[in-house]
Structure formats: structure tokens, C-alpha cells
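>>> following is a predicted model, sequence given first.
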Amino acid sequence: MNNIKTNCLLYRIVYIWNFCFRYIYYRTRRYSNAPKPFDTIPGLSSLPFLGPVHHFMPVIGSIGPSANFYDLAQHLYEKFGNIVKLNGIFARANMVLLFEPKDFDQVYRAEETAPLRPGFDTLVYYQEELRRDKYDGVYGLTTAQGLKWRDFRTKVNPVLLKPKLVKLYAPALDEISKEMITRLNKCKHDKNYLQWNLDLEITKWSLESVAYIGLGTRLGCFQNGKENQKANILIKCARDMMELAYKLEFFPSPWRYFATPNFKKMIKTLDTQWEISEYYIKEAKKKIDERKHSIPEEDKSIIEKLLAIDEKVAIMMANEMLLAGIDTVAFTTIGLLYNLATNPEVQEILRMELQSDQSNKPYLRACLKESMRLYPVLPANLRRTSKEHVVAGYHIPKGVDVIAPNEFLSKLEKNYTRPMEFLPERWLVDKLDPLYYGKAHPMTTLPFGFGVRSCIGRRIAELEIETFIKRLLCDTKVSWEGPSLEVVTKVFNNFKKPYYFKFESIS
Ligand code: HEM
């Protein structure tokens, strides 16, 4: 009898234990499979109203005010790991940095139907509210979102991304490069001038080049006089806009609630930029109208081709080319010159390729790619979520800025062999070679962005830079006589001056 009782009790204990075990097992399994809440993503602590701003303050901040984006990404990665949250402040969206390329690949691909890339909120406010009458509902690619962006991009894609583009504009760009080199040779005797103004000179060349492709006219950036003054103001406007956008949009600023002094400066700068750009566009249109006869399609400038499709889009695109296509190209060119100057053996191999008869120049292409891996204009890419995502085990709601820190990832040993070295060969060797670039995930290095919203000026930029480098290296040796060049991030990456380049004639 006792035996039966004991057996019964034992049976019950085993039964209850079994039940509890199963219950706990299934509950925890279910729970662990569920995405963790957004709020639990690790990241910098936030204060009420101020968000994580105290981390960026002088002395007391754990990061400090002067960190560039690369340093910030490194700090966050080392402290928090592959996924990091930064709370937004003053109506700025929350941000999540993803350090695994497969993770932002997943989000960016899922957003490809209508990718949202916010930024330049002051420019959006200027176009949509303050100067609404001028823009009349048509905004450029940098500021438009959703259907408006898609409609604009569909109209301009066939004109700007045409594979034949290279052939069409190459001779004129070569001419502009020759003039630039003559100008450089004149300036190089004044060492001090070039140390502080090389970027201005290179920007004059990039503006002259992009204006020729966009408007079909020469602006005369290398000349002295009135024309040159206008071009200089346009260059200054583009720079001031970046500087002011950095102050207004990356630091806490109440410009949305009242017009701060920097906000007023920004509006003045945008007005001036538009005024000069409009002047150039009107001049270009006048020339086209006065011609009174048609010319072959391949001889037409971008604005002429776009005017036949949609006049407002043509004007906005031309304006955007004069804005987005100058400092980006200048920075990339200076980065490449620096890498070639500090790696004379690479410069020599490249010179040999450029002097050879072969029409393909793979080493030149590899040098440019490698230089943009080390010195991308934009240190990170960005998409705002239009829907919910589950990434790296966390829930990411709609309206969050998902940041891909591409510059930082491109300099990690786990992605590239000898990552801090300028080794163009990595883009040419086969996959058995330890240097092979394909070791990294394809999303690791994205100097022109990603997918349908990637840079529309890519072909133009590559053509301009390659044409200039070909011309320059044929009879000039470039070297660097000073400490290493440093980068500082202000929305875009910039170089810290002075420049210690030496340009010597070798012919
Ligand atoms: C080496 C030079 C350049 C670099 C590294 C560069 C880089 C970029 C990047 C990273 C983006 C963001 C793409 C994304 O979100 O996926 C972008 C967008 C854009 N770029 Fe460039 N860019 C360069 C030159 C140019 C030039 C020459 C033009 C003008 C012809 C231009 C016009 C634009 C425009 C209009 C957008 C916005 C595209 C859109 O949202 O649809 N860029 N660029």
C-alpha cells in the first residue's frame, strides 16, 4: 500500500515537474524568439530634452565636441557592439547605427521601393515653406521624398546615367583639365597660396566641369573678373550651406521655433545660391533659344535634354548639379592626389598605365575606388524606415534613421586586409589573393550610396576625376612634404588645411 502511495506521489511530482519544465521551456523559447523592444538597444544615455548631447560637451563629455564621425563610430562600436541607438532631440528622429553590413543591407533593401533619405531639414523648410512660390512643388533629388522623388528621378535617370555619357563629354572635360593644370602651374610658385587654397582651385575646376556638362556653357572660373566673382560666390555658398547645416541640424538648435542668427544666415546663403544658379541657368536657356536650329542629341547639354521632358525638373536638376557636384568632386580628387603623392610607387605604376596605348585604364579605376574607400565624402549612409523592421534581434519602428557607418567599416581589419593602407591592387587581384576586396560584404564600402537612390552624378564625377588625373600625371610628379592629412566631418568629410603638396614638371 505504501509502495503504491509513494509511486503515486512520485508520479505526480514527475508529472508536475514535467509540466513546469515544458511551460518554462516554451515560454522562454517563445520570448527569446520575440524581437527585443527598441528601447533596449544599447547606446549613449539620454537626458530629458537634451538627449545624448552632454556626451559631446567639452571636458565633461565622454566623446567631446571635436570628434569626427569616424571617431564617434569607433567609440560606439567598441562600447556597445553591433547595434547602437542614439536618441534624437529637437524633433530629430531617433538613430540606430548598424555595424554589420548584412543588417543594414536587410533594412536598405526592404526600403528600396521608396527609399527615404532625410537630411537638410533647413533646405526642405526653405523650399516647402519660406520660398514655396519659387519652387512650386518641385524639389530636387536631395530634398524630395516618396512619390515626388520617384517622379523626378524617373525623369532624370535616362539623361544622367546614360552609359554613353563618358564619350560625349570627355573631350570638353579634357580641355577644362588642361586649363586647370596651366592654372595650377601658375599658382604653384606661391607655395603659401596653394597650401591654403588648393581646395578652392580644385573646386573651380569641378564647378567649371559640372557646369559644362549640365548647362553646356563655360562659366570662366579660371578667369579673373566679373564671371569669376560669380563662380566664387557660388562656391562659397555651397561651403557656407554645409557649415550652417552642420551647426543647425547636428547640434541642438531651436531654429524650428524661432529664427536664430545661423538660421538667418542660412536663408541668405540659400537665396544667393539660387540667384546665381538661376542666372547661369537663364543664360544657358537663352543660348539654346537663340540657336534656332536643332543640334544632334549627343551634342546637347543635360539641361537641353531635360528641358524637352519637363522644364521645372530641368531647372532644379541644373541647380542641384551646381550644388551637389562641386565640393564632393573636389574632396575626392584631393584625397586621390594625396594617396598618390604619399605612395610614389603606385603613382609610377599608374603613370605607366596612363602613358600606354591601352584604352582601358583598370589601375586608374582601382586607384579611385581605393581612395574613396579611405576618404569617402560621406562617412556614412542613411535611410529612414518607412515601416517596422526586426534587425539583429531588435524591433526597429517606423521613422528611425538607420545609419551605415561605411567609412569606419571600410577601415576594419576583419573586412579588408591591411585596411589602412592605400593598395589599389586589392580591386584587381583574384579571389585567392589575401588582398582580394571581395572578402568584405558588398555593402561595406558605398562611396556613392546604395540602390535606386544612389548618387546620380556618379558617372559624371568619375569621368571628371579620371580625365583630370590622366592629364596631370602625364607631365607632373605629385609629392607630399608634411604631416599626414587629417579629416574633419561637417555633414560631409573635409580635409584640415594646410596642404603640403608639391607639383613638379617631369617633361
Ligand atoms: C566623387 C564625387 C561624389 C560622391 C562621392 C558622391 C556621393 C553621393 C552619395 C553617397 C549620395 C547619397 C546616395 C544614397 O543615399 O544612397 C549622393 C547623392 C546625390 N548626388 Fe552625389 N556624389 C558625388 C558627386 C556628385 C555629382 C558630380 C553630382 C551632380 C551631377 C551629384 C549629385 C547627387 C544628387 C543629386 C544626389 C541625390 C540623389 C537622390 O537622392 O536621388 N553627386 N552622392
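Okay, I see it.
>>> in stretch 467-478, what's buried?
467-473, 476-478 (16 or more other C-beta atoms under 10 Å). All C-beta atoms are positioned from the backbone trio N, CA, C, and that covers glycine.
>>> and the two most separated of these?
Thr467 and Lys477 (19.1 Å; C-beta to C-beta).
>>> which stretches in the chain count as strands?
Under the criterion DSSP state E, the chain contains strands at 83-86, 95-98, 381-384, 389-391, 394-396, 401-404, 476-480, 487-490, 492-495, 501-505.
>>> would you reformat those as a markdown table and include mean pLDDT and distance to the ligand?
Listed next are the strands of the chain as a markdown table, based on pLDDT from 0 to 100; distance: least, C-beta to the nearest ligand atom, whole Å:
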| stretch | mean pLDDT | distance to the ligand |
| --- | --- | --- |
| strand 83-86 | 95 | 19 |
| strand 95-98 | 96 | 15 |
| strand 381-384 | 96 | 6 |
| strand 389-391 | 97 | 18 |
| strand 394-396 | 97 | 18 |
| strand 401-404 | 96 | 10 |
| strand 476-480 | 98 | 19 |
| strand 487-490 | 90 | 14 |
| strand 492-495 | 94 | 9 |
| strand 501-505 | 95 | 19 |
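>>> got the contact list for the closest residue to the ligand within the stretch 51-200 of the chain?
Per C-beta to the nearest ligand atom, Leu141 is where the stretch 51-200 of the chain lies closest to the ligand, at 3.7 Å. Neighbour list for Leu141: 149, 152-153, 156, 317, 320, 456 [criterion: C-beta atoms under 8 Å, 6 or more residues apart in numbering].
>>> if you set the cut-off to 10 Å instead, what comes out?
If a contact means C-beta atoms under 10 Å, 6 or more residues apart in numbering, then Leu141 has 117, 148-149, 152-153, 156, 160, 313, 316-317, 320, 324, 453, 455-457 as its contacts.
>>> got it, and Asn381?
Per C-beta under 10 Å, 6+ apart, neighbours of Asn381: 104, 108, 117, 402-407, 443, 446-450, 453-454.
>>> what sits against the residue nearest in space to the middle of the chain?
For the chain, Leu378 is the residue whose C-alpha lies nearest the centre (C-alpha atoms, centre = their mean; 3.2 Å). Leu378 makes contacts with 69, 328, 331, 406-407, 446-449, 455, 489, 491-493, as judged by C-beta under 10 Å, 6+ apart.
>>> let's go with 7 Å and repeat that
For Leu378, the contacting residues are Phe492, by C-beta atoms under 7 Å, 6 or more residues apart in numbering.
>>> for beta bridges, what are the partners of the residue lying closest to Val487 once chain neighbours are set aside?
Spatial nearest neighbour of Val487, excluding adjacent residues (C-beta to C-beta, 6 or more residues apart in numbering): Asn493 at 5.0 Å. Listed beta-bridge partners, Asn493: Thr489 (assigned using DSSP bridges).
>>> contacts only, for Asn493.
331, 375-377, 379, 487.
>>> against the ligand, how distant is the residue nearest to Asp240 when sequence neighbours are not counted?
Spatially, and ignoring its direct neighbours in sequence, Asp240 is nearest to Thr269 (4.7 Å; C-beta to C-beta, 6+ apart). Remark: distance between Thr269 and the ligand (C-beta to the nearest ligand atom, to the nearest Å) = 19 Å.
>>> now do Phe331
Applying C-beta to the nearest ligand atom to Phe331 and the ligand gives a distance of 8 Å.
>>> neighbours around the residue nearest to Asp240, how many?
As a burial measure, Thr269 scores 21 neighbours (other C-beta atoms under 10 Å).
>>> surely it is in contact with Glu243?
No - counting by C-beta atoms under 7 Å, Thr269 sits too far from Glu243 to count as a contact (9.2 Å).
>>> skip the chain neighbours and tell me the closest residue to Ile315.
Ile281 (5.6 Å).
>>> who's in contact with the one you found?
When contacts are counted by C-beta under 7 Å, 6+ apart, Ile281 touches 215, 303, 315, 318-319.
>>> PyMOL command for the buried members of those residues?
This is the PyMOL syntax for the buried subset of the contacts of Ile281, where burial follows 16+ other C-beta under 10 Å:
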select buried, resi 215+303+315+318+319
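>>> in helices, which of the contacts of Ile281 fall?
Judged by DSSP state H, helices contain the following of the contacts of Ile281: 215, 303, 315, 318-319.
>>> could those go into JSON lines alongside distance to the ligand and pLDDT?
Shown next, in JSON lines, are the ones in helices among the contacts of Ile281 (distance: C-beta to the nearest ligand atom, whole Å; pLDDT from 0 to 100):
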{"residue": "Leu215", "distance to the ligand": "12", "pLDDT": "94"}
{"residue": "Ile303", "distance to the ligand": "12", "pLDDT": "93"}
{"residue": "Ile315", "distance to the ligand": "14", "pLDDT": "92"}
{"residue": "Ala318", "distance to the ligand": "10", "pLDDT": "94"}
{"residue": "Asn319", "distance to the ligand": "10", "pLDDT": "93"}
